[in-house]
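J.: Quick one, fold the following:
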Amino acid sequence: MDFKDIKELIRVFDKSELNKLRVKEAEFEISMQRGFEGGVTTVSTSPMVQTVASVTQNASTSSSVLSTPAISNEASKGSSSNGIAINAPMVGTYYSSPSPDSPSFCGIGDIVRKGQTICILEAMKIMNEVEAEFDCKILEMLVQNGEPVEYDMPIFIVEKV
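T.: Numbering: from 1, shown residues only. I've put the predicted structure just below:
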């Protein structure tokens, strides 16, 4: 990815409604987040080289690492079970398996361990694995394979084990 591509990413992020964005390719990684005054965008092209560019648009950005899914103590609206909602950490397309022919990462009633992949969110043609933050049992899967998801949208209802 060259400087022109980075400028284009920043421009697209600025015009979008996204709050966070993280793009990772091989040894290159860029992360942006809205809501901080006078923030910066950090670009890392190798483990030892970093370039920092100031951003002065209205919606300033800040370097960040996109965390694993947000956890909500309240189940989503319309959910019939008591549990913890696992929310989408980014906008993208939800996939329950690594490929159409592969089995799902998890299903209702499955016990998943901390760090285990529970789904994939595709954003900007990049497949981002979403991992469980703690050991849990899947109570509900709120999104169907191939459906778009919004940032912080509940995608699973789980209970800790």
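J.: Mind splitting this protein into its structural domains?
T.: 3-54, 70-160 (automatic domain parsing).
J.: for the record, mean pLDDT for the longest one?
T.: Right, domain 70-160. Averaged across domain 70-160, pLDDT comes to 88.
J.: With the first one instead?
T.: Average pLDDT, domain 3-54: 65.
J.: from here on, count from 53
T.: Sounds good: first residue 53 from here, last item domain 55-106.
J.: Show me what I138 bridges to in the sheet.
T.: Taking DSSP bridges as the rule, I138 bridges to I123, F208.
J.: right, and I138 touches M205 too?
T.: No - if you go by CB atoms under 8 Å, I138 and M205 don't touch, sitting 10.3 Å apart. From N, CA and C alone the C-beta is placed, and that goes for glycine too.
J.: Can you show me the strands along the chain?
T.: Assigned by DSSP state E, the chain shows strands spanning 72-77, 80-85, 92-98, 101-106, 122-124, 136-139, 144-147, 163-164, 169-175, 178-183, 188-193, 200-201, 206-212.
J.: Dump the ones you listed to CSV, plus distance to D57.
T.: Below are the strands of the chain laid out as CSV (distance: least, CB to CB, whole Å):
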stretch, distance to D57
strand 72-77, 9
strand 80-85, 9
strand 92-98, 10
strand 101-106, 13
strand 122-124, 29
strand 136-139, 29
strand 144-147, 19
strand 163-164, 36
strand 169-175, 16
strand 178-183, 13
strand 188-193, 35
strand 200-201, 24
strand 206-212, 29
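J.: Including mean neighbour count and distance to I58, could the ones you listed go into JSON lines?
T.: JSON lines is the format used below for the strands of the chain (neighbours: other CB atoms under 10 Å; distance: least, CB to CB, whole Å):
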{"stretch": "strand 72-77", "mean neighbour count": "18", "distance to I58": "9"}
{"stretch": "strand 80-85", "mean neighbour count": "20", "distance to I58": "7"}
{"stretch": "strand 92-98", "mean neighbour count": "17", "distance to I58": "6"}
{"stretch": "strand 101-106", "mean neighbour count": "11", "distance to I58": "8"}
{"stretch": "strand 122-124", "mean neighbour count": "15", "distance to I58": "27"}
{"stretch": "strand 136-139", "mean neighbour count": "22", "distance to I58": "28"}
{"stretch": "strand 144-147", "mean neighbour count": "20", "distance to I58": "20"}
{"stretch": "strand 163-164", "mean neighbour count": "16", "distance to I58": "35"}
{"stretch": "strand 169-175", "mean neighbour count": "19", "distance to I58": "17"}
{"stretch": "strand 178-183", "mean neighbour count": "16", "distance to I58": "15"}
{"stretch": "strand 188-193", "mean neighbour count": "20", "distance to I58": "36"}
{"stretch": "strand 200-201", "mean neighbour count": "17", "distance to I58": "26"}
{"stretch": "strand 206-212", "mean neighbour count": "21", "distance to I58": "30"}
